[in-house]
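Participant: A structural model of the following input is requested.
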Amino acid sequence: MNQLLDKLGIDLNQSLSDKLEQLEELQMETLDRLDRVQEKGRIQQLQEMLKDIEKAIDLITNRMESGIMLDQYEEEKESFEDLKSQPKEKQSKVLDEVKPQVVQAEKTQEELYDEALAIMATPEYEKGIQLLTELGNEGYLYAQKYLAKIYSEGNRVAQDESIAIKWCEMAANQGDVDSQFDMGWRYNQGIGVEQNNEEAVKWYEKAANQGHVVGQYNMGVMYENGTGVIQSNEESAKWYEKAANQGYIDAQLNIGYMYEVGQGVVQSNENAVKWYEQAANQGNAVGQCNTGYMYEMGKGVPQNDETAAYWYEQSAKQGYARAQCNLGYAYECGKGVPQNDKEAAYWYEQAANQGNSIAQCNIGYMYEMGKGVPQNDETAVYWYEQSAKQGYARAQCNLGYMYRAGKGVLVNDGEALYWYEKAAAQDNVRAQCNLGRMYEFGDGVPQNYEKAFELYEKAAKAGHAKAQYNLACMYDNGRGVLQNFENAAWWYQKAANQGEPSAQNNLGVLYKTGQGVVQNIQKAAEYYEKAAMQGNMYAQNNLGYMYEVGEGVPQNFAKAAKLYEMAASQGYVKAQFSLGYLYEIGRGVAQNFTKAAQWYQQAASQGHARAQNNLGVLYANGKGVAQNVPLAISLYKQAAAQGDELAIGNLKRRGIRV
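Facilitator: As a prediction, this is how the structure comes out:
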C-alpha cells in the first residue's frame, strides 16, 4: 500500500484518516483537471491516476475498518501481566482464549514500518530509527527511502549525505524510480558523492526509462549540453519530447524551440507552436509569449495579430518582461489592439524596470518623442543608458545621437563617438552611418574620407538607405574613393528604391546630365517628382525649373511657381530667387512686385548675387518697394563683388567703377 501512496505523492507520515482526506482531495483535483484537458495522452494518464486513487482509498478504508485488531492485541498483551498473579489453571484457560488472536496479529514489514513512523513522532524516535534501519537492511524499500530522506535532511538524525546516499542507492538498485532519479541528481550535483556526470546520466536514464518525467527532461539537458554523454541534439530532442508528452512544461518549451530552429529534429514551425501552445495552456508565461510570437510572425499558424496580442497579454500579466515589451510594441503600432501610446509606454516601462534592454530602449524613445508620456530628454537619456550598458546596439546608437545633438545631456562628441563605435561594432547600420558622417565632416574626430567611406559601405551593403545615399555621394564627388558616376548612380538607385528622397533627387540629376547613366530627361523628371512629393526642396526646385522651361515635362508656369514656392518656403535660396522672378514678370502667377521684392530679399540675404541685383533694380525704380537709390547701389555692389555681370553693368551705367 505504501508504494501506491508514495506513487500518488501522499505523505506516508500522516495518520490513516489524514491520508484518506488527502486522497479524497487529490481525487477531486484530478476529476477537475480531467474536465479541462483535451490531449488524449494526458486524459489517459489522468484516468489511470483516478484508478490508483480509488484503489488507495479502498485500501485505507479497509485498514481503518479492521484497525481494531492492533488495539485489541495491545489489550490482550496487557492481560498477560495480570495472569502472573492467577492460578496456573486460570492462566492456561486465558492463554488458550488469547493465543489465536496473538497469532493473527503477527506484524508484517509494512506494519512494522507504520509502527516505526509512529515512534518517530515520539521522544523515543531513536527506537524508530533502529527499527527502520533493521527494515532497510532486510531490503524493505520504503524504509530505505525514508532513511535516505531523514539523513539527507538531518531530521531526527545528524545530517549525513554519505549515509543518505547509501540508503538511496539500495532503494535505487531495487528499481525504485524516484531513488534512481535522486541518485542521478546527487551525482550531477556532487551531493554525498564526488561529482560525476557519467554516473548521473546512468541513473537519470534508469529513471527516465521507467517514465520519470524529470529524469527524461534531465536526460534531454545532458545530451543537449554534452554533459556526461557525447553531445547529441537528436538524443536531446528524443528525451525532451518524452517528457513533453507527459505534460512537463520545461520540456515542452525546449522541444518547441528545437522544432522552431531545427535543432536535432526536422525544422517544423507547426510542431514548435504545438508545444509552445501546450505550455501556454498550462499557464506558463514563456510558452504564452512564444505562442504570441508565432502568431505575430505567422510561423506554423496563420498570421494573427489579435491572437498574438492575446497571448502576449496573458504572459505580460504574469510579469514576463519579454511579453510586456512585445505587448508594448503591439500597442505602439496598433497591431492586434487599438493603437495606444499610453498603454505602449506602460508595458515598456514595466519590462524596462525588470531590466529588459529592448524595453529600456523603447521607453527611452517614447520619452524622447513624448509618445504616451510627457516629453523628457533627460529621462530618455537615462533609459537609453540603462539599455546601452547592457550592450543593446540600438540604444547605444540612440545615446550617441543624444550626446551628438545635446539632447538631455551636454553636447559631447567624445561620448557620441564612444557609443556610436560600440553600436557600429555590433553592425548597427544607423550607428555605422552616423559614425561615417562624423569622419566625413571631421565632427569630433579628425576628418577621414577613407574611414567614412568604409563605414558607409558596411551599412549600405546591409541595406541602410541613408548610408547607400551617402556612399553614392562619396562616389559622386570622389571622396575617399576614385570618382565613379556609374557606382554613384548604382547606389543612388538602391537608396531611391527605398524611398530616400535625397537619393531620388540626385539620381534625377544624373539622368538629366547623363552621368553614370544613359541621359533620360523624362526619368530625371520622374525622380525629381518622387523626391519633391516627400518635401525635398532641391527636387522641388529642380522639377519647378523643368516645368518652367518645359524640359522632360509639358511647360507649365503655374506648376513651376507652386514648386518653387514649396522649396522657397523651406529656405532654398535658388527657389526663392526663381519665385521672385516669376512674380516680377507675372509668369505662372499674377505679376506682383511686392512679392517679387520679398522673395528677392530672402534670397539676397543668403548672398544670392542675381537676387541682390534684381532687388537693387526694384529699389532703383521704386517697384514693390519705396524707391531707394543708395540701397539699390549697395545691392548692386554686393552682387558685383560676386561677379554678377548685370550688377556690374548697372553700376557702370551709374558711373560707378567696379
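
Participant: just checking, residue 246 touches residue 214?
Facilitator: No - applying CB atoms under 8 Å, one finds residue 246 not in contact with residue 214, separated by 9.7 Å. Every C-beta, even on glycine, is put in place using the N, C-alpha and C of the backbone.

Participant: ok, and the closest non-adjacent residue to residue 49?
Facilitator: Nearest residue to residue 49 in three dimensions, chain neighbours excluded: residue 30, at 5.6 Å (CB to CB, 6 or more residues apart in numbering).

Participant: ok, and what's touching the helix or strand hosting that neighbour?
Facilitator: Element membership of residue 30, judged by DSSP states H and E, is helix 16-36. The contact list for helix 16-36 (CB atoms under 8 Å, 6 or more residues apart in numbering) reads 5, 8-12, 14, 43, 46-47, 49-50, 53-54, 56-57, 60-61, 63-64, 67.

Participant: only the buried subset of these, as a PyMOL command please.
Facilitator: The PyMOL selection below is limited to those of those classed as buried (16 or more other CB atoms under 10 Å):
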select buried, resi 5+8+10+46+49+53+56+57+60
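
Participant: so what pLDDT did the residue nearest to residue 49 get?
Facilitator: The model reports residue 30 with a pLDDT of 71.

Participant: how close does it sit to residue 50?
Facilitator: 6 Å (CB to CB, to the nearest Å).

Participant: re the thing from before, what is the burial count for the residue nearest to residue 49?
Facilitator: Using other CB atoms under 10 Å, residue 30 has 18 neighbouring residues.

Participant: ok, residue 628 touching residue 617?
Facilitator: No - between residue 628 and residue 617 there is no contact under CB under 8 Å: 11.8 Å.

Participant: who's in contact with the closest residue in space to residue 275 that isn't next to it in sequence?
Facilitator: Leaving aside its chain neighbours, residue 275 sits nearest to residue 256 (3.5 Å; criterion: CB to CB, 6+ apart). Counting by CB under 8 Å, 6+ apart, residue 256 touches 271-276, 279, 287, 290.

Participant: now for those: which two are most distant?
Facilitator: Greatest spatial distance in the contacts of residue 256: 271 and 287, 14.1 Å, computed using CB to CB.

Participant: who's more crowded, these two?
Facilitator: Set residue 271 next to residue 287 and count neighbours by other CB under 10 Å: residue 287 wins out with 26 against 18.

Participant: find the nearest non-adjacent residue to that one, please.
Facilitator: Nearest residue to residue 287, sequence neighbours excluded (CB to CB, 6+ apart): residue 279, at 2.8 Å.

Participant: now do the same contact list for the one you found.
Facilitator: 249, 252-253, 256, 286-288, 290 are the contacts of residue 279 under CB under 8 Å, 6+ apart.

Participant: could you rerun that using 7 Å?
Facilitator: Neighbouring residues of residue 279 by CB atoms under 7 Å, 6 or more residues apart in numbering: 249, 252-253, 287.

Participant: got any ranges where the stretch 401-550 of the chain has weak pLDDT?
Facilitator: Scanning the stretch 401-550 of the chain for pLDDT under 70 picks out nothing.

Participant: tell me where it has helices.
Facilitator: With DSSP state H, counting those that start in this stretch as the criterion, the stretch 401-550 of the chain has helices at 413-425, 429-441, 449-461, 465-477, 485-497, 501-513, 521-533, 537-549.

Participant: Throw these into a markdown table and include mean neighbour count and distance to residue 204, thanks.
Facilitator: Listed next are the helices of the stretch 401-550 of the chain as a markdown table, based on neighbours: other CB atoms under 10 Å; distance: least, CB to CB, whole Å:
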| stretch | mean neighbour count | distance to residue 204 |
| --- | --- | --- |
| helix 413-425 | 20 | 42 |
| helix 429-441 | 23 | 46 |
| helix 449-461 | 21 | 48 |
| helix 465-477 | 24 | 52 |
| helix 485-497 | 21 | 55 |
| helix 501-513 | 24 | 61 |
| helix 521-533 | 21 | 65 |
| helix 537-549 | 24 | 69 |
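
Participant: thanks a lot, see you next time.
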